[in-house]
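Asker: What shape does this take:
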Amino acid sequence: MRFDEPITLQDDHVRLEPLDHVHADDLARAATTLSHAWYTSVPNADQVPAEIDGRRALHTDGMMNPFAVRRRSTGEVVGMTTYCNIDQPNRRVEIGYTWLSADAHGTEVNPAMKRLMLAHAFEACEAIAVTFMTHFHNRQSRAAIERLGAKLDGVLRNHRISPGGSLRDTVVYSILPHEWPAVRNGLDARLARF
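Answerer: Take a look at the predicted model:
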């Protein structure tokens, strides 16, 4: 399979649905629960429709496959995530542009979502590497990526210019196919606690 093929992924905890405007109201509510740190790019509630349009346009261009994240226990859409920076010829992909409502933080949602996306990338799409990138100052995101079992590849210094004009150092992590079984076991053990 290709990383950009529309697909729905689900387990007992979450359902990842192709992102669409039918998700806008739930996503706007989810966005209002978050404090918008200077080092993140979470949309405000009124920016959600434009964010959906932008991600769908990148999907049309083959650069991104965006999902709405539905929490199965409540039925609510609690955030967004994507396969991005798709490099299909080299079977490499990034999981990123992820944000979740405040009430989903520290729950089953993120590990379940990552479990589904990593399984699809390695087992269906035969990825040779799945990467994760985050702002150097986003300690919460870095800790979550490290809990997955991803390995630190390095820091891209002055990697991007942020909307406010500050320079962003980007921390890069990856998981390789031979590491996936241990990562999967770790995620399964975490999810067994929920």
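Asker: which helices and strands does the strand or helix carrying N158 pack with?
Answerer: Element membership for N158 (DSSP states H and E) is strand 151-161. Applying 3 or more CB pairs under 8 Å, 6 or more residues apart in numbering; DSSP states H and E, we find strand 151-161 packed against strand 167-175. The C-beta positions use only the backbone N, C-alpha and C, and glycine is treated the same way.
Asker: buried set for the strand it packs on?
Answerer: For strand 167-175, burial by neighbour count (16 or more other CB atoms under 10 Å) applies to 168, 170-175.
Asker: Let me know the closest of those residues to S73.
Answerer: Ranked by distance to S73 (CB to CB), the buried residues of strand 167-175 are led by I175 at 26.9 Å.
Asker: The buried residues of strand 167-175 into CSV, with extra columns for pLDDT and distance to A50?
Answerer: Shown next, in CSV, are the buried residues of strand 167-175 (pLDDT from 0 to 100; distance: CB to CB, whole Å):
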residue, pLDDT, distance to A50
R168, 93, 21
T170, 96, 24
V171, 98, 27
V172, 98, 28
Y173, 98, 29
S174, 98, 30
I175, 98, 31
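Asker: how about low-confidence regions in this structure?
Answerer: Scanning the chain for pLDDT under 70 picks out no residues.
Asker: Which parts of it are strands?
Answerer: 9-10, 14-18, 64-71, 77-87, 92-100, 129-135, 151-161, 167-175 (DSSP state E).
Asker: R139: neighbouring residues, count only.
Answerer: Here the number of neighbours of R139 (other CB atoms under 10 Å) works out to 11.
Asker: Which phi and psi values does the residue in the chain sticking out farthest from the centre adopt?
Answerer: Centroid-distance maximum for the chain: G165 at 24.3 Å, with CA atoms, centre = their mean. Dihedral pair for G165: phi 100, psi -10, per degrees, to the nearest 10.
Asker: about what we covered before: partner strands of the strand holding N158, with direction?
Answerer: Under the criterion DSSP bridges, strand 151-161 sits next to strand 167-175 (antiparallel) in its sheet.
Asker: The partner strand to strand 129-135, inter-axis angle?
Answerer: Between strand 167-175 and strand 129-135, the angle comes out at 150 degrees (axes from the mean of the first three to the mean of the last three CA atoms, to 10 degrees).
Asker: any idea how far the closest residue to Y173 other than its chain neighbours lies from M133?
Answerer: Leaving aside its sequence neighbours, Y173 sits nearest to A150 (CB to CB, 6 or more residues apart in numbering; 3.9 Å). Note on A150: its distance to M133, by CB to CB, to the nearest Å, is 11 Å.
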